[in-house]
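Enquirer: mind folding the following:
(one chain, ligands or ions: 1)
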Amino acid sequence: MFIKAIDSLDEGLNIFWSDNSSSCYPWFWLRDHSESEEDLHPDTKQRQIDSFSKPVNNNVSKVWVDEASESVYVKWTNQLQSCLSFSLLKSMADPSLPQSNSIKLAKIWNTPSEINAFPEITYQELMSDGGIKTWLNHIQRVGFALVTEAPKTPEATKELMERMAYIRNSIFGGFSVWDNKLENPDDTAFTSLAIEPHTDGTYVHDAPGLQTLHCIKRDSIGGENQLIDGLAIAEKIRHEYPDAFNILCDVNIPGRYIKPDTYLEAHRPLFRVNDNGEVIQVSFNNHDRAPFRLENDLMGKFYDAYKIFHNLANDSSRQIEFMLDPGKVLTFDNWRLLHARSSLTGYRQLCGGYHNREDFESKLRSI
Ligand SMILES: [Fe+2]
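Expert: Residues are numbered from 1 along each chain as shown. Below is the predicted model:
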């Protein structure tokens, strides 16, 4: 799209686009969004213009389009000048409420057979130029990625994680190494017990975005990991059980984590959606669900809806299963996929940690 013509109106600047649509941008908006060096810091892109403390002079002296610099210029009668790029104006051509990111470009899968192009990359590929892009695109598309042939050490795993961003701190520390023989485990994750499908951090306001796991020593039987696409379950429930979908979008389910001197609690619906109704986060941990009581009728409907989700997540046909052997590093989207683990006997040592969701998105935008 390019600009065919402009027209100055009382309410704003009308831009006629090459597809015969038009957009009228208010004068104050144009001034507030000026991208000139004085108004917007050229490096940080932070707003410098003071749009609010002084009375604004919206009287326009001249408006013109500069095809060469692909910008629209507005000269105000007080001699100040605003400049807006075609690309900004184009991206704002249709007014809408700002939206949280949906899980874009995701290829949902109801069964492992629906995953085409298994999301796998070797350690060497990942650590070479351009490897990180393949790795992150796998996670964005399918919700997880497996790095193979990795050195079986915590140091290499940490280095791999730091290719994306700093490692997030949490109640469990930052980058961690643990085994299933802790004397006083403070979470089922650190035992040999089976764990039902869940997402981590339903008890924190900002659940971890990605989780990375690497089993660096294994002398055990069992302990397979399962992954389930929560986004695929969301879409199935939306279409087949719309009332249940709405309840799971509306009820802020409390999650909690308790140990000596710690009592974390947060509330989030199972499906968090943006204003367009797109699912932006799936949160589910039946083990960590805290007590709450709704009106009896609604409580019954909630249980029915929650059970639909629970049973779909526990349907083994929806689960892709891995044995996490030393050398295979699994990273998955904790805002989309659920993970589970079978019980095990014997010994294993793991390492890994979390990344924040915004750091994953940041890297995707900037690579
Ligand atoms: Fe977990």
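
Enquirer: where does L182 land in three-state SS?
Expert: coil (DSSP: H, G, I helix; E, B strand; the rest coil).

Enquirer: give me the number of residues near it?
Expert: Here the count is done by other CB atoms under 10 Å, and L182 has 11 residues near it. No exception for glycine: its C-beta is placed from N, CA and C like everyone else's.

Enquirer: next up, phi/psi of it, please.
Expert: phi -60, psi 140 (degrees, to the nearest 10).

Enquirer: got it, and S21?
Expert: phi -90, psi 170.

Enquirer: can you check the one 3 residues further on too?
Expert: Dihedral angles phi and psi of C24 (degrees, to the nearest 10) take the values phi -110, psi 110.

Enquirer: and N101, what pLDDT?
Expert: At N101, the model reports a pLDDT of 69.

Enquirer: now do the SS call for L330.
Expert: Going by three-state DSSP: L330 is strand.

Enquirer: shouldn't it be in contact with L210?
Expert: No - look at L330 against L210 with CB atoms under 8 Å: they stay out of range, at 10.5 Å.

Enquirer: what's the local residue count around D10?
Expert: D10 - counted by other CB under 10 Å - has 5 other residues nearby.

Enquirer: would you mind measuring from it to R31?
Expert: Distance, D10 to R31, using CB to CB, to the nearest Å: 15 Å.

Enquirer: surely T157 and T331 touch.
Expert: No - using CB under 8 Å, T157 is not in contact with T331; the gap is 10.3 Å.

Enquirer: overlap in contacts, those two.
Expert: Common contacts of T157 and T331 (CB atoms under 8 Å, 6 or more residues apart in numbering): T212.

Enquirer: tell me how far D200 lies from L210.
Expert: 10 Å.

Enquirer: between these two, which contacts overlap?
Expert: 334, 354.

Enquirer: compare those two (neighbour count), which wins?
Expert: L210 (27 against 20).

Enquirer: any idea what the more buried one is bridged to?
Expert: Beta-bridge partners for L210, by DSSP bridges, are D333, H355.

Enquirer: read off the pLDDT value for it.
Expert: On the pLDDT scale, L210 gets 98.

Enquirer: same deal with the one 4 residues further on?
Expert: Reading off the confidence values, H214 has pLDDT 97.

Enquirer: does it sit in a helix or strand, and which one?
Expert: strand 210-222 (DSSP states H and E).

Enquirer: how about the next helix or strand after that strand: buried residues?
Expert: The first helix or strand that comes after strand 210-222 along the chain, using DSSP H and E, is strand 225-229. Residues of strand 225-229 classed as buried by neighbour count (16 or more other CB atoms under 10 Å): 225-229.

Enquirer: and which of those is nearest to K181?
Expert: N225 (18.8 Å; CB to CB).

Enquirer: is it true that that closest one touches E321?
Expert: Yes - assessed by CB under 8 Å, N225 is found in contact with E321 at 7.0 Å.

Enquirer: show me what the longest helix belonging to the chain is packed against.
Expert: In terms of residue count, the longest helix belonging to the chain (DSSP state H) is helix 296-313. Helices and strands touching helix 296-313, by 3 or more CB pairs under 8 Å, 6 or more residues apart in numbering; DSSP states H and E, are helix 230-240, helix 242-250.

Enquirer: Serialize those to TSV and add fields for distance to Q48.
Expert: Formatted as TSV, the helices and strands packed on helix 296-313 follow (distance: least, CB to CB, whole Å):
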stretch	distance to Q48
helix 230-240	40
helix 242-250	39
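
Enquirer: single out the most deeply packed of the ones you listed.
Expert: Most buried of these by mean neighbour count (mean count of other CB atoms under 10 Å) is helix 230-240; its value is a mean of 20.

Enquirer: show me what it is packed against.
Expert: Right, helix 230-240 is packed against helix 242-250, strand 279-282, helix 296-313 by 3+ CB pairs under 8 Å, 6+ apart.

Enquirer: wait, which of those is closest to W64?
Expert: Across these, closest to W64 is strand 279-282 (CB to CB), at 40.6 Å.

Enquirer: tell me the helices and strands packed up against that closest one.
Expert: helix 230-240, strand 271-273.

Enquirer: do you know which of those lies nearest F284?
Expert: So among those, helix 230-240 is nearest, using CB to CB, at 6.9 Å.

Enquirer: where in the chain is pLDDT low?
Expert: Counting by pLDDT under 70, the chain has low-confidence residues at 101-105, 185.

Enquirer: so where do the helices sit in it?
Expert: 27-32, 86-91, 123-127, 131-142, 154-162, 230-240, 242-250, 296-313, 357-366.

Enquirer: and the ones you listed: which comes nearest R256?
Expert: The nearest among these, by CB to CB, is helix 296-313 at 16.5 Å.

Enquirer: so how far is that closest one from its chain's centroid?
Expert: With CA atoms, centre = their mean, to the nearest Å as the basis, helix 296-313 stands 25 Å off its chain's centre.

Enquirer: name the surrounding residues that touch it.
Expert: Contacts of helix 296-313 (CB under 8 Å, 6+ apart): 196-197, 228, 230, 233, 236-237, 241, 243-245, 247-248, 251, 270, 284, 286, 293-294, 318, 338.

Enquirer: what about the spatially closest residue to R357 that is not a sequence neighbour, neighbour count?
Expert: The shortest distance from R357 to any non-neighbouring residue, by CB to CB, 6 or more residues apart in numbering, is to G209 (2.8 Å). A count of nearby residues for G209, using other CB under 10 Å, gives 22.
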